[in-house]
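*Asks:* this is a predicted model, with the sequence first.
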Amino acid sequence: MSLTPHASLPRLAKRWCWAFLLLIATPGTVAATELEVNEARLRLLPGDLPAAGYFTLTNTSEKGVTLTGADSPAFGNVTMHRTVNQDGITSMQPVAQLELAAGEQIEFAPGGYHLMLMKRTRPLVVSDDIEVNLHFAGEQRQRVTFRAVAPTAQ
Amino acid sequence: MHRWIMALFVTLWLAGCSEPPWQTKDISGLMPPLAFELVDENGKDVNADQFLGKSTLLFFGFTHCPDVCPTTLARLDAATQRMDEAARDDIQVLFVSVDPRRDDAEALREYTDAFGPQFIGLTGDKAALDELTRRYRVTYGYGEEDSEGNYDVSHSSAVFAFNDQGEARLLIRDSDPMEAVVADLERLASGA
């Protein structure tokens, strides 16, 4: 219970400012190689149904990288999958790893590659920012913020 | 006078022009009319006759499907949102879960509610699901369970469309352009 909320606001605001600056000033410093992630979104379904994570990953470095998986503090289990369609019948195949050559771009998009995120560790709602760590060969990690979107999001 | 000329014009137009072709896959006469005996998202036994009077889109899936099922349902939602209100009200989407083990009435209701009021969840026992999927020449199956009991379910990815009499009309695929889907659904809703 704060009796003087105004007095503590500037300090808090300053702290958030620093946090924000730090966040925008250090994109991708977690990973050693240069990787660009765009359109990171996570489509939520009701209850604790598995969510799908979509994004575009571009390897802007001069050498190849291998995406080996992902984790998220908001989920107990994150796996990579690919939807395959054979003779009109669709199913999901686990993806162990994906290699990206220098300059290559890969899309995790509806009907293809996607992250499957299961077992929420906390309640999530649409427009939440959700932290996901992408894993690459050689113990590299890249932290990405995914935006939670509605089931009807295209 | 003006009205008579208009009526004459419309009559001639209807008589003279054949309908334009469907833009998604026409299955008129190739697939049998809508028929099933399933359980709805309120736990009630239902049959296909209860859904006549509106155009019906039939899709097989399961709620633990993170990618394809929501993608298809979202596309159908987007397509119906682009139709005018009267036509939109004529469309109902039947989401038939082929995973009754995990998809009980409550799970189905919660799932379809997340997409919109026009989405209705149905499921049934193996015999009922086998009969319905065989009727439309599609299959479904279960993948291996992992250590935590999760498993994938294979299912057909296309949407079967029926007119308000329950006659098979279209097969709509995710690869069909949105404009084609909207145009065909509007035509379907107008009684084609």
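*Replies:* Ah, there it is.
*Asks:* please name the residues that touch the residue positioned nearest the centre of chain B.
*Replies:* Closest residue to the average C-alpha location of chain B: residue B:57 at 1.4 Å, with CA atoms, centre = their mean. Residues near residue B:57 by CB atoms under 8 Å, 6 or more residues apart in numbering or on different chains: B:76, B:91-94, B:159-162, B:172. (C-beta placed from N, C-alpha, C; glycine too.)
*Asks:* what about residue 77, how many residues close to it?
*Replies:* In the absence of a named chain, this looks at chain A. By the measure other CB atoms under 10 Å in any protein chain shown, the count of residues near residue A:77 is 14.
*Asks:* wrong chain, I was asking about chain B
*Replies:* Number of residues near residue B:77 (other CB under 10 Å) recorded here: 21.
*Asks:* quick check: the gap between the spatially closest residue to residue B:56 that is not a sequence neighbour and residue B:171.
*Replies:* In space, residue B:56 comes closest to residue B:162 once its chain neighbours are excluded; the distance is 4.5 Å by CB to CB, 6 or more residues apart in numbering or on different chains. Computed with CB to CB, to the nearest Å, the distance linking residue B:162 and residue B:171 is 11 Å.
*Asks:* these two: who's more crowded?
*Replies:* residue B:162 (25 against 20).
*Asks:* distance of that one relative to residue B:61?
*Replies:* For residue B:162, the distance to residue B:61 - CB to CB - is 17 Å.
*Asks:* do residue B:102 as well
*Replies:* Applying CB to CB to residue B:102 and residue B:61 gives a distance of 12 Å.
*Asks:* likewise residue B:76?
*Replies:* As judged by CB to CB, residue B:76 and residue B:61 stand 12 Å apart.
*Asks:* so what's the nearest residue to residue B:144 once chain neighbours are set aside up against?
*Replies:* Spatial nearest neighbour of residue B:144, excluding adjacent residues (CB to CB, 6+ apart): residue B:151 at 6.5 Å. When contacts are counted by CB under 8 Å, 6+ apart, residue B:151 touches B:142-145.
*Asks:* dump these into JSON lines; add secondary structure, pLDDT and neighbour count as well.
*Replies:* Formatted as JSON lines, these follow (DSSP: H, G, I helix; E, B strand; the rest coil; pLDDT from 0 to 100; neighbours: other CB atoms under 10 Å in any protein chain shown):
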{"residue": "B:142", "secondary structure": "strand", "pLDDT": "97", "neighbour count": "13"}
{"residue": "B:143", "secondary structure": "coil", "pLDDT": "96", "neighbour count": "14"}
{"residue": "B:144", "secondary structure": "coil", "pLDDT": "94", "neighbour count": "7"}
{"residue": "B:145", "secondary structure": "coil", "pLDDT": "94", "neighbour count": "10"}
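*Asks:* secondary structure element for residue B:107?
*Replies:* In this assignment (DSSP states H and E), residue B:107 forms part of helix B:105-113.
*Asks:* residues in contact with that helix?
*Replies:* A:45-47, A:49, B:39-43, B:63, B:95, B:97, B:103, B:119-123.
*Asks:* swap in 10 Å and give it another go.
*Replies:* With CB atoms under 10 Å, 6 or more residues apart in numbering or on different chains as the test, helix B:105-113 has contacts from A:45-47, A:49, A:151, B:39-44, B:61-65, B:69-70, B:73, B:93-97, B:99-100, B:103, B:118-123.
*Asks:* okay, the helix or strand containing residue A:40 in CSV with CA atoms only?
*Replies:* When elements are assigned from DSSP H and E, residue A:40 belongs to strand A:35-43. Written as CSV, here are the backbone C-alpha positions of strand A:35-43 (Å, rounded to 0.1, in the frame of the first residue of the first chain):
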residue,chain,number,x,y,z
LEU,A,35,20.1,-13.1,-36.7
GLU,A,36,17.0,-11.1,-37.4
VAL,A,37,13.6,-12.2,-36.2
ASN,A,38,10.4,-10.4,-37.5
GLU,A,39,6.7,-10.8,-37.1
ALA,A,40,7.0,-12.9,-34.0
ARG,A,41,3.5,-13.8,-32.9
LEU,A,42,1.9,-16.5,-30.9
ARG,A,43,-1.6,-17.6,-31.6
